[in-house]
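Peer 1: Pasting the sequence and the predicted model now:
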Amino acid sequence: MAILNRTFTHVVVEQPGEPSAMTMTKSTLAMPTEGQVTIKVHAAGVNGPDIKQRVGAYPPPADASPIIGLEVAGEIVAVADDVTQWKVGDKVCALVPGGGYAELVNTYAAHCLPIPTGYSFVQAAALPETFFTVWGNLFIRGGLNAGETVLIHGGSGGIGTTAIQMASRLGATVFATSGSAEKCQYCLDQGASVAINYNEQHFVEPILEATNGLGVNVIMDIAGGDFINENLKAIATDGRMVSVAMQRGPQANVDIFRIMAKRVIWTGSTLRPQSVANKALIAQGLAEFVWPLLNSGKMSIPIDSVFPFSQVVQAHELMESGTHKGKIVLDLQADPR
């Protein structure tokens with residue numbers, strides 16, 4: 001285990017609220033415990049759950065860091081005595097249980113993945129949260145297979161971008177929805193076969209038309225609310241619907257008979273509360289099936305904006321505006337240390 005100065009700068013939210021509630025402070029990081037490593041953070045991704053935590057709607061688990069941030073890229077600077085798969089000096093990107101908006105963070109060795117070939121720290125920091133979310137939901141829970149059809153709502157966001165690319169590269173036919181003509185073109189550029197502007201067109205009819213009336217095998221839903229019953233019209237018999245967010249509301253008046261008649265499996269999950277072992281299984285799947293696509297250049301996640309760490313407030317303002325396409329990343333190397 002390497003010895004290093006464990007004092008680090010990180011974001012703190014004294015009172016939940018607007019982006020301006022985030023300020024900087026210094027703390028001392030504990031040494032990594034069993035199965036953990038310490039990463040010197042060079043870049044950190046910005047995600048929807050970060051916003052929810054900042055406003056007080058998504059409190060961290062009791063055993064997690066209260067610091068915002070769920071994905072990082074950087075260099076391992078310490079390892080617990082039982083960690084054998086990584087060593088000090090290794091460059092990784094990682095899912096973290098909190099604490100990502102910081103110069104140092106502890107996370108589990110099994111939740112780290114190597115920096116893909118040719119990737120910068122900024123590019124690699126845009127991967128873990130959405131990749132773990134998409135693989136765990138679309139492929140593990142949703143069981144998406146090559147040759148099947150899938151509808152991805154919110155295709156121009158971070159999760160949507162990752163889902164479109166991952167599903168299309170692994171052999172599925174992808175349909176997507178988004179909120180403008182420009183964003184729909186972006187979805188097509190990522191690999192969607194059809195992109196529907198839900199502000200101008202109802203999505204059910206074009207999905208049924210494109211699938212010869214059968215509907216799609218899998219739906220990855222970030223909308224919730226009034227989209228749920230519409231999803232049930234667009235899904236195929238024996239289809240699987242996976243809920244990963246509730247941007248149109250957490251409540252829905254559901255047509256249960258349609259679920260029964262079509263034998264629909266409706267599932268979903270949140271990533272952060274899952275066990276260390278479950279997240280490790282997701283990481284194994286990514287390493288086996290998805291990382292080769294990144295290393296070969298067949299997948300490449302667009303980054304909308306990169307902000308210096310000192311501009312975390314502006315990064316959150318952009319995230320909340322909904323105008324971005326692709327990922328938002330904090331670059332901790334852009335500020336003088």
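Peer 2: Received it, and whenever you're ready, just let me know what you need. Residues are numbered from 1 along each chain as shown.
Peer 1: what's the closest residue to Leu104 other than its chain neighbours in contact with, if anything?
Peer 2: Spatial nearest neighbour of Leu104, excluding adjacent residues (Cβ to Cβ, 6 or more residues apart in numbering): Phe8 at 4.0 Å. Bear in mind the C-beta positions are built from the backbone N, C-alpha and C, glycine included. The contact partners of Phe8, by Cβ atoms under 8 Å, 6 or more residues apart in numbering, come to Lys26, Ser27, Thr28, Leu29, Ala102, Glu103, Leu104.
Peer 1: For Gly297, see how far away the nearest residue to Lys298 once chain neighbours are set aside is.
Peer 2: Leaving aside its chain neighbours, Lys298 sits nearest to Arg169 (5.5 Å; criterion: Cβ to Cβ, 6+ apart). Arg169 is 11 Å from Gly297, where distance means Cβ to Cβ, to the nearest Å.
Peer 1: sorry, back to before: check the burial of the residue nearest to Lys298 by counting its neighbours.
Peer 2: A count of neighbours around Arg169, defined by other Cβ atoms under 10 Å, yields 17.
Peer 1: sec struct for Leu214, please.
Peer 2: At Leu214 the chain is in coil, as set by DSSP: H, G, I helix; E, B strand; the rest coil.
Peer 1: which residue ranges form the strands in the stretch 1-150 of the chain?
Peer 2: For the stretch 1-150 of the chain, the strands defined by DSSP state E, counting those that start in this stretch cover 7-13, 22-28, 36-46, 71-79, 91-95, 104-108, 112-114, 149-152.
Peer 1: likewise the stretch 201-337 of the chain?
Peer 2: Assigned by DSSP E, counting those that start in this stretch, the strands in the stretch 201-337 of the chain fall at 216-221, 235-243, 265-268, 303-308, 327-331.
Peer 1: Of these, which stretch is the most buried?
Peer 2: strand 216-221 (a mean of 28; mean count of other Cβ atoms under 10 Å).
Peer 1: got the contact list for that strand?
Peer 2: Contacts for strand 216-221 (Cβ under 8 Å, 6+ apart): 134, 137-138, 142-144, 148-153, 159, 163, 172, 175, 207, 227-228, 231, 234-236, 238-245, 268.
Peer 1: Just the buried ones from the residues you listed?
Peer 2: By neighbour count, with 16 or more other Cβ atoms under 10 Å, the contacts of strand 216-221 hold 134, 137-138, 142, 144, 148-153, 159, 163, 172, 175, 207, 227-228, 231, 234-236, 239-245, 268 as buried.
Peer 1: Distance to Leu293 and mean pLDDT for the strands of the stretch 201-337 of the chain - can I get that in CSV?
Peer 2: As requested, the strands of the stretch 201-337 of the chain are exported to CSV (distance: least, Cβ to Cβ, whole Å; pLDDT from 0 to 100):
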stretch, distance to Leu293, mean pLDDT
strand 216-221, 18, 98
strand 235-243, 21, 98
strand 265-268, 25, 98
strand 303-308, 17, 96
strand 327-331, 17, 96
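Peer 1: Just put those strands in a markdown table and tack on distance to Gly48.
Peer 2: Below are the strands of the stretch 201-337 of the chain laid out as a markdown table (distance: least, Cβ to Cβ, whole Å):
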| stretch | distance to Gly48 |
| --- | --- |
| strand 216-221 | 14 |
| strand 235-243 | 14 |
| strand 265-268 | 15 |
| strand 303-308 | 14 |
| strand 327-331 | 10 |
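Peer 1: do you know which of the ones you listed lies nearest Ala287?
Peer 2: strand 327-331 (20.4 Å; Cβ to Cβ).
Peer 1: Against which helices or strands is that closest one packed?
Peer 2: On a contact count with 3 or more Cβ pairs under 8 Å, 6 or more residues apart in numbering; DSSP states H and E, strand 327-331 meets strand 36-46, helix 121-125, helix 158-169, strand 303-308, helix 312-321.
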